[in-house]
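Trainee: The following comprises the amino acid sequence and a computationally predicted model.
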Amino acid sequence: MKALVYLGPERLDWRDAPMPEPGPGEALVRVQAVGVCGFDIHAFLGHDARRPAPLILGHEAAGVVEGGALDGARVTVNPLVTCGACAACRAGRDNLCATRQIISMPPREGAFAGWVAMPERNLVPVPDQVPIARAALAEPLACGWHGVKLATRALGEAPARALVLGGGAIGLGAALSLMAQGAGAVTLVEPNPGRRAALRETCGVDAVAPDALPDGAFDAVIDGVGFAATRAVASARARPGGVIVHIGLGEDTGGLDARRMTLQEITFLGAYTYTAAEFRETAAALFDGRLGPLDWAETRPLAEGAQAFADIRAGRAAAPKIILTPDHG
């Protein structure tokens with residue numbers, strides 16, 4: 001099969017790769033759509049030691065099952081593979097499984113390829129009326145869905161006023177999830193003017209520049225970027241007694257104002273992916289329209305994926321998400 005293979009910092013090659021071989025309880029999925037994630041960009045830049053070259057990246061996938069009991073099923077893929085037996089899995093917090101794996105990280109190759117092997121329990125059927133490229137958005141949207149649930153749980157109610165940092169698919173997914181889960185006013189911060197305009201005009205989100213924000217005014221701040229600069233913004237903008245939910249993994253340290261967070265009893269929560277139940281909840285919300293029309297992704301051929309990475313890196317991509325489509329011909 002053909003695959004887009006990461007070879008080292010800022011190096012991708014469209015080349016032949018071995019077909020995946022499904023293990024016990026797994027299915028072979030013919031990939032029809034796969035999104036480019038911020039984690040893929042971090043790996044592409046050489047910033048993620050967990051993803052060493054050579055490696056097939058990509059974990060936001062949807063496609064059609066080939067063979068086995070689910071043959072022909074249109075599915076979206078939960079890329080997080082967990083044991084199902086440890087204390088975290090038994091408690092319904094399987095995203096914290098000590099032996100968790102995710103495709104696009106060894107030992108599991110990713111979905112920037114013609115096919116990917118996945119446990120059958122990780123596959124969610126997609127209704128016929130839902131375009132398969134839209135179904136590939138379930139994974140990034142689930143990250144925001146999980147973060148919003150954490151914020152609501154910490155506050156004891158849906159936030160009346162929420163702020164989201166970052167207009168990529170993670171931040172946009174958090175904003176859409178806030179609205180779907182009953183939040184009040186939702187503001188999204190995006191520094192790129194082109195993307196900011198696209199978020200307002202195409203996605204129906206109140207997107208503003210970074211300097212257009214009052215301090216201490218938001219019940220919940222969701223950081224979909226995870227840089228020191230965005231953590232500093234979150235520390236300043238959360239109200240006393242508010243909550244910061246940190247999803248992005250842009251850089252490891254810096255930014256938090258620990259003094260203000262202590263004096264104002266601001267809760268800080270890390271949010272890693274989603275549980276299997278939350279992935280299915282997000283998929284259901286995607287399928288029934290609660291997350292909006294979801295027509296804002298840009299689609300490109302997987303064979304041209306290297307250019308997509310370059311455009312994202314250079315800030316030339318206005319769309320919140322680029323979806324890559326393999327050509328199996």
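Mentor: Nice, I can see it.

Trainee: Now do residue 22 against residue 94, distance only.
Mentor: Separation of residue 22 from residue 94 (CB to CB, to the nearest Å) stands at 21 Å. Every residue, glycine included, has its C-beta placed from N, CA and C.

Trainee: So for these two, which sits in the more crowded spot?
Mentor: It is residue 94, of residue 22 and residue 94, that has more neighbours when counted by other CB atoms under 10 Å, with 23 against 18.

Trainee: my guess is that one contacts residue 81, does it?
Mentor: No: here residue 94 lies out of contact with residue 81, judged by CB atoms under 8 Å, at a distance of 9.7 Å.

Trainee: tell me, what's touching the two both at once?
Mentor: Common neighbours of residue 94 and residue 81, using CB atoms under 8 Å, 6 or more residues apart in numbering, are residue 100.

Trainee: Where do the strands of the stretch 1-150 of the chain begin and end?
Mentor: Under the criterion DSSP state E, counting those that start in this stretch, the stretch 1-150 of the chain contains strands at 2-8, 11-16, 26-35, 55-56, 60-66, 74-77, 80-81, 101-102, 115-119, 123-125.

Trainee: Including distance to residue 143 and mean pLDDT, could those strands go into JSON lines?
Mentor: Listed next are the strands of the stretch 1-150 of the chain as JSON lines, based on distance: least, CB to CB, whole Å; pLDDT from 0 to 100:
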{"stretch": "strand 2-8", "distance to residue 143": "21", "mean pLDDT": "97"}
{"stretch": "strand 11-16", "distance to residue 143": "24", "mean pLDDT": "96"}
{"stretch": "strand 26-35", "distance to residue 143": "12", "mean pLDDT": "98"}
{"stretch": "strand 55-56", "distance to residue 143": "21", "mean pLDDT": "98"}
{"stretch": "strand 60-66", "distance to residue 143": "10", "mean pLDDT": "98"}
{"stretch": "strand 74-77", "distance to residue 143": "14", "mean pLDDT": "98"}
{"stretch": "strand 80-81", "distance to residue 143": "11", "mean pLDDT": "98"}
{"stretch": "strand 101-102", "distance to residue 143": "12", "mean pLDDT": "96"}
{"stretch": "strand 115-119", "distance to residue 143": "18", "mean pLDDT": "98"}
{"stretch": "strand 123-125", "distance to residue 143": "16", "mean pLDDT": "98"}
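
Trainee: closest to residue 205 out of those strands?
Mentor: Distance to residue 205, taken as CB to CB, is lowest for strand 26-35 among the strands of the stretch 1-150 of the chain, at 18.4 Å.

Trainee: Tell me where the stretch 151-300 of the chain has helices.
Mentor: Assigned by DSSP state H, counting those that start in this stretch, the helices in the stretch 151-300 of the chain fall at 169-180, 193-203, 228-237, 258-263, 276-288.

Trainee: In contact with residue 198: list those residues for me.
Mentor: 296, 318-320.

Trainee: repeat for residue 320
Mentor: Taking CB under 8 Å, 6+ apart as the definition, contacts of residue 320 comprise 167-169, 171-172, 195, 198-199, 203, 296-297.

Trainee: ok, of these, which come out buried?
Mentor: Those of those that meet the buried threshold are 167-169, 171-172, 195, 198-199, 203, 296-297, by 16 or more other CB atoms under 10 Å.

Trainee: now, which of those sits nearest residue 269?
Mentor: Distance to residue 269 across these (CB to CB) is lowest for residue 171, with 16.1 Å.

Trainee: For that closest one, give me its contacts.
Mentor: 144, 164-165, 188, 190, 222, 224-225, 320 are the contacts of residue 171 under CB under 8 Å, 6+ apart.

Trainee: Out of the residues you listed, which sit inside strands?
Mentor: 164-165, 188, 222 (DSSP state E).

Trainee: I'd like the distance between the residue of the chain positioned farthest from its centre and residue 254.
Mentor: Computed with CA atoms, centre = their mean, the maximum C-alpha offset from the centroid of the chain is found at residue 263, amounting to 32.4 Å. Separation of residue 263 from residue 254 (CB to CB): 20 Å.
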